[in-house]
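J.: Provide a 3D model corresponding to the input given below.
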Amino acid sequence: MSVEIIVDREKCIGCGKCYDVCPKAPKIWNIDKNGKYYAYNTLYCHNCKLCAGRCPTSAILIKKMSK
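T.: I've put the predicted structure just below:
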């Protein structure tokens with residue numbers, strides 16, 4: 001399954017809750033120079049949406065990609 005993880009950097013507060021709850025966090029998530037999280041590799045994402053559900057600012061949107 002192919003997904004796109006969109007993080008609104010304006011809303012992200014860098015709390016790391018998305019990373020903490022993600023079963024594949026080290027393979028998917030990274031932190032930019034401002035301490036904001038972003039998905040750099042969605043190949044390992046299995047669309048559980050735990051990250052989006054845990055985000056306190058609703059900064060994460062997950063979309064299924066059509067093949």
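
J.: ranges for the helices of this structure?
T.: Secondary structure of the chain (DSSP state H): helices located at 17-21, 25-28, 50-54.

J.: Identify the bridge partners of the nearest residue to Ile5 once chain neighbours are set aside.
T.: Counting by C-beta to C-beta, 6 or more residues apart in numbering, Ile5 lies nearest to Ala39, which is 3.6 Å off, once chain neighbours are set aside. Heads up, the C-betas are built off the backbone N, CA and C, glycines and all. Counting by DSSP bridges, Ala39 forms beta bridges with Trp29.

J.: What distance do you get for Ala39 to His46?
T.: Separation of Ala39 from His46 (C-beta to C-beta, to the nearest Å): 13 Å.

J.: re the thing from before, who's in contact with the residue nearest to Ile5?
T.: Counting by C-beta atoms under 8 Å, 6 or more residues apart in numbering, Ala39 makes contact with Ile5, Val7, Ile28, Trp29, Asn30, Cys45.

J.: cool, Lys11 as well?
T.: Thr57, Ser58, Ala59.

J.: Next, count neighbours for the second one.
T.: Read that as Ser58. When neighbours are defined as other C-beta atoms under 10 Å, Ser58 has 10 of them.

J.: List the backbone torsions phi and psi for the nearest residue to it once chain neighbours are set aside.
T.: Closest residue to Ser58 apart from its sequence neighbours, by C-beta to C-beta, 6+ apart: Lys11 at 6.7 Å. Dihedral pair for Lys11: phi -90, psi -30, per degrees, to the nearest 10.

J.: any idea how far Lys11 is from Ile60?
T.: 9 Å.

J.: picking that back up, of the contacts of Ala39, select the buried ones using a ChimeraX command.
T.: Per 16 or more other C-beta atoms under 10 Å, the buried members of these correspond to this ChimeraX selection:
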select :5,7,28,29,45
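
J.: Just give me the closest of the contacts of Ala39 to Asp20.
T.: Trp29 (9.7 Å; C-beta to C-beta).

J.: Strands along this structure, start to end?
T.: Along the chain, the stretches classed as strands by DSSP state E are 3-7, 29-31, 37-39, 60-64.

J.: what's the average pLDDT for the third one?
T.: It stands for strand 37-39. For strand 37-39, mean pLDDT is 96.
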